[in-house]
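**Q** sequence below, structure please.
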Amino acid sequence: QVQLVESGGGLVQPGGSLRLSCAASGMIFRVDDMGWSRQAPGKQRELVASITTGGSTNYADSVKGRFTISRDNAKNTVYLQMDSLKPEDTAVYYCNAAIVRLTTGVRLQYLGQGTQVTVSS
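**A** The predicted structure is shown next:
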């Protein structure tokens with residue numbers, strides 16, 4: 001069994017900051033690329049940021065310069081530091097990871113349960 005558990009969402013005022021965390025646990029042999037996506041009401045889910053095991057990052061244009069993705073490979077954890085938040089950042093944020101399972105050696109994509117981020121005054 002493998003699972004991703006997110007934390008850190010909540011309500012914040014415009015211009016504020018939040019830090020999301022996502023920890024992978026279970027029968028894990030290796031965690032490869034990790035990332036965050038989000039889905040706003042009435043919209044499709046979109047990629048926000050991703051990071052490789054070596055630390056190479058990729059960001060959506062809408063969050064460049066405001067969001068920072070990082071990871072702790074020893075803890076199988078990925079973080080998303082969100083600064084200068086805007087109302088349009090309001091969405092459910094999902095963690096995703098490519099994980100090689102210990103028992104099968106098969107590499108699968110996993111998605112967390114999501115955490116709500118609301119930016120409002």
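**Q** which residues in the chain form strands?
**A** Assigned by DSSP state E, the strands in the chain fall at 2-7, 10-12, 18-26, 28-39, 46-51, 57-59, 67-72, 77-82, 91-101, 107-111, 115-119.
**Q** need those in CSV with mean neighbour count, can you?
**A** (Glycine included, C-beta is placed from N, CA and C.) Shown next, in CSV, are the strands of the chain (neighbours: other C-beta atoms under 10 Å):
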stretch, mean neighbour count
strand 2-7, 17
strand 10-12, 14
strand 18-26, 18
strand 28-39, 19
strand 46-51, 19
strand 57-59, 15
strand 67-72, 18
strand 77-82, 22
strand 91-101, 21
strand 107-111, 13
strand 115-119, 18
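**Q** what bridges to the residue nearest to Gly8 when sequence neighbours are not counted?
**A** Distance criterion C-beta to C-beta, 6 or more residues apart in numbering; nearest residue to Gly8, sequence neighbours excluded, is Leu20 at 4.2 Å. On the basis of DSSP bridges, Leu20 is bridged to Leu80.
**Q** how about TSV for the strands of the chain, with mean pLDDT added?
**A** Rendered in TSV, the data for those read as follows (pLDDT from 0 to 100):
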stretch	mean pLDDT
strand 2-7	94
strand 10-12	98
strand 18-26	97
strand 28-39	97
strand 46-51	98
strand 57-59	98
strand 67-72	98
strand 77-82	98
strand 91-101	97
strand 107-111	95
strand 115-119	98
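**Q** quick check: the residue nearest to Gly8 touching Thr77?
**A** No - the pair Leu20 / Thr77 is not scored as a contact, 10.7 Å apart, by C-beta atoms under 8 Å.
**Q** for Gln113, give me its contacts.
**A** Applying C-beta atoms under 8 Å, 6 or more residues apart in numbering, we find Gln113 in contact with 4-6, 94.
**Q** among the residues you listed, which one sits closest to Arg38?
**A** Tyr94 (6.9 Å; C-beta to C-beta).
**Q** was I right about the closest one contacting Gly35?
**A** No - the criterion here is C-beta under 8 Å, and Tyr94 misses it with Gly35 at 9.1 Å.
**Q** would you mind measuring from the residue with the shortest distance to the centre of the chain to Val100?
**A** With distances taken as C-alpha atoms, centre = their mean, Trp36 lies nearest the centre of the chain, 2.9 Å away. Taking C-beta to C-beta, to the nearest Å as the criterion, Trp36 is separated from Val100 by 20 Å.
**Q** with that, I have no additional questions.
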